[in-house]
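Novice: Structural data only, the sequence is not supplied:
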């Protein structure tokens, strides 16, 4: 079901956070971290080329996580996006900082199938698209 909202909003419905979904996204070296993701998709938005299924989540004890240590140690560049859930202006792209699984695929135009951002408070906002179908 497509979302009709144009402005920022939270998806309606029951919010069930699961660590299992979070572990499916994280690279193997970060799987000890506790990333809880809402059952997805929370909302579906049509884009120019594909449908974006939005999700949200939170890290438990983010400042003590391996992901936070990775962001700090590699002096990762902050994105220009603000957090969707709090007033933080410090967010990082989890794809370019190698926090997400490498086996997650890319579309033929180079866009990742999963895109996620994390703020300094451990809030995660992201979107995934259907996996690309390649002609063999």
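Specialist: Done, it's in. All values reported here derive from a predicted model rather than from experimental measurement.
Novice: Could you give me the buried positions within the lowest-mean-pLDDT helix or strand in the chain?
Specialist: Least confident helix or strand of the chain, by mean pLDDT, DSSP states H and E, is strand 43-46 with a mean of 76. Using 16 or more other Cβ atoms under 10 Å as the test for burial, strand 43-46 gives residue 43. C-betas here are computed from N, CA, C, even on glycine.
Novice: Would you tell me what the next helix or strand after it is?
Specialist: With elements assigned by DSSP states H and E, the helix or strand that comes after strand 43-46 is strand 51-60.
Novice: now the least confident helix or strand of the chain, how far from the chain's geometric center?
Specialist: 15 Å (Cα atoms, centre = their mean, to the nearest Å).
Novice: Not counting its neighbours along the chain, what's nearest the most centrally placed residue in the chain?
Specialist: Per Cα atoms, centre = their mean, the C-alpha nearest to the average position across the chain is that of residue 116, at 2.4 Å. Nearest non-adjacent residue to residue 116, counting by Cβ to Cβ, 6 or more residues apart in numbering: residue 126, 3.2 Å away.
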